[in-house]
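**Q** Sequence first, predicted coordinates after that:
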Amino acid sequence: MSGAAPPTQVGRFTTIVNALANRPELIRAVTWPLVRFAPTIATRKRAVVTRHADALEVLDRDGDFTVAEINGVSMDLVNGPFVLGMDRSPLHDRERAILAAAVKPGDLDVIRATVRGNAADLVEAARSQGRIDVVRGLARPAATRLVASYLGVPGPDEATMMRWLRAGFYETFLNVGDDPVVRRWGTEAGAALHRCMDGLIAQRKADQAAGAATPDDLLDRLIHMQADPDTALSDEGVRRNLGGVVVGAVDTTSKAVAHAVDQLLRRPEALEAARNAALADDVETVGRFAFEALRFNPINPVLARFAARDTEVAAGTPWKHRIFGGSTVYVAILPAMFDPRVFHQPGQFRADRPSSSYLHFGAGLHACYGRYINLIQIPELLAALLRLDDLRRADSTDGQIRYDGPFPDRFELEFRP
């Protein structure tokens, strides 16, 4: 497959898991009694945590609830060791610090301008047709172009790069049943991306050595930082760390934008208010609508952690519960964001909720590494759509989200040309 073709025959378990994960209303219905009356349930092998405070506790206690056993193996297969698949260690701390040092204070302004320009180009290309695919025509290509310009990692072409990154993300974070088809697709895509990145690193180093002008992207900065022993990564280290950021940079954005638009279209008043904010270029308010919409269908309804030892959650409260060492702990993000102890009138759509209450990007040491980018990119892409006149779903099933496994793959909207 060479990382180019998606899997078509995944196993039955994987098919069922993906179908359930794409049904947020069903997840809410099943877990609502747990949130109210039994926030944590546990056996010797598995535990489910649904209360908001307990979800935060598990995500924050990274020494007791670890990630290496959850996605470390897949991360290594697809990308090589990266901080999101590591627990605390000298290697983790050093490489996280180097990545942080590569970011400049003005980067977020550059990212905003880049995303806005990419969105404008993609919307303009669809304008005369009066129809746009939220996923294929806007969110995925926009995010892929940001990977190329800001991170410095273009693929051989956009379509190939999108396939590589979807395959790598699927295996690294979402292959909960260790499906061999998904694993093969992800590892082959990872190998192809490695070859591409090795070539990019070699070419960039040659350009720098020749004194040629090079782009000020993360790839360029990490290579320049090799001159200082305190911030030096080997070429393999540059590839691993930049690759780890790249793998999660496209389909999370695409999924968030598709889900947010879908939820707003179900609520005409919220849609109109969000559109007014977009027309006024109040992207901050658009973001409030986006992340409240995602509460009803988040990027990841569940996050997993590994219990490193016997312990308790919610100690000292009526909901305290024993967690057995060696068990997998499922942090139920979606129901936790409907916990009435934190979200007043949880069933109502309210764009005035404090942003700190949301769990869209996880929390703690292993919160989404690209969250600061997506706090800009998701609202900007949504605003570009909302500025279109008479935005509505396309007829028939075209106007509903169609999934490729766990990923929104097509979602067509119409508007007045």
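**A** Good, I have the coordinates.

**Q** Following the helix or strand of the chain with the lowest mean pLDDT in sequence, what is the next regular element?
**A** Sorted by mean pLDDT, DSSP states H and E, the helices and strands of the chain end with helix 12-21, the least confident at a mean of 90. For helix 12-21, the succeeding helix or strand toward the C-terminus, using DSSP states H and E, is helix 24-37.

**Q** that older thread, list the contacts of the least confident helix or strand of the chain.
**A** 26-27, 175-177, 179, 181-182, 301-302, 403, 405-406 (CB atoms under 8 Å, 6 or more residues apart in numbering). Placement of C-beta: from N, CA and C, glycine included.

**Q** Among these, which one sits closest to Ala314?
**A** Ala314 has its nearest neighbour among those in Val302, at 18.5 Å by CB to CB.

**Q** picking up where we left off before, can you give me the buried ones in the least confident helix or strand of the chain?
**A** For helix 12-21, burial by neighbour count (16 or more other CB atoms under 10 Å) applies to Thr14, Val17, Asn18, Ala21.

**Q** Make JSON lines from those residues and add distance to Asp54 to it.
**A** Output for these, formatted as JSON lines (distance: CB to CB, whole Å):
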{"residue": "Thr14", "distance to Asp54": "28"}
{"residue": "Val17", "distance to Asp54": "23"}
{"residue": "Asn18", "distance to Asp54": "26"}
{"residue": "Ala21", "distance to Asp54": "21"}
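
**Q** From the contacts of helix 12-21, which land in strands?
**A** Val302, Tyr403 (DSSP state E).

**Q** would you list the contacts of helix 12-21 in JSON lines and tack on distance to Ala363 and neighbour count?
**A** As requested, these are exported to JSON lines (distance: CB to CB, whole Å; neighbours: other CB atoms under 10 Å):
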{"residue": "Leu26", "distance to Ala363": "25", "neighbour count": "12"}
{"residue": "Ile27", "distance to Ala363": "19", "neighbour count": "21"}
{"residue": "Asn175", "distance to Ala363": "23", "neighbour count": "24"}
{"residue": "Val176", "distance to Ala363": "20", "neighbour count": "19"}
{"residue": "Gly177", "distance to Ala363": "26", "neighbour count": "16"}
{"residue": "Asp179", "distance to Ala363": "28", "neighbour count": "24"}
{"residue": "Val181", "distance to Ala363": "32", "neighbour count": "16"}
{"residue": "Val182", "distance to Ala363": "27", "neighbour count": "24"}
{"residue": "Pro301", "distance to Ala363": "15", "neighbour count": "21"}
{"residue": "Val302", "distance to Ala363": "14", "neighbour count": "20"}
{"residue": "Tyr403", "distance to Ala363": "26", "neighbour count": "18"}
{"residue": "Gly405", "distance to Ala363": "26", "neighbour count": "21"}
{"residue": "Pro406", "distance to Ala363": "21", "neighbour count": "22"}
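
**Q** So Val153, which state does it fall into?
**A** Under the three-state scheme (DSSP: H, G, I helix; E, B strand; the rest coil), Val153 adopts coil.

**Q** give me phi/psi at it?
**A** The phi and psi torsions at Val153 (degrees, to the nearest 10) take the values phi -130, psi 80.

**Q** any idea how far it lies from Pro346?
**A** 40 Å (CB to CB, to the nearest Å).

**Q** in a strand, that's where Pro408 is, yeah?
**A** Yes - using three-state DSSP, the assignment for Pro408 is a strand.

**Q** Report how many residues lie close to it.
**A** Using other CB atoms under 10 Å, Pro408 is surrounded by 24 other residues.

**Q** for Glu25, same thing?
**A** As a burial measure, Glu25 scores 9 neighbours (other CB under 10 Å).

**Q** And the pLDDT at the nearest residue to Ala363 once chain neighbours are set aside?
**A** Take Ala363 and drop its neighbours on the chain: the residue closest to it by CB to CB, 6 or more residues apart in numbering is Leu59, 4.2 Å away. Per-residue confidence (pLDDT) for Leu59: 98.
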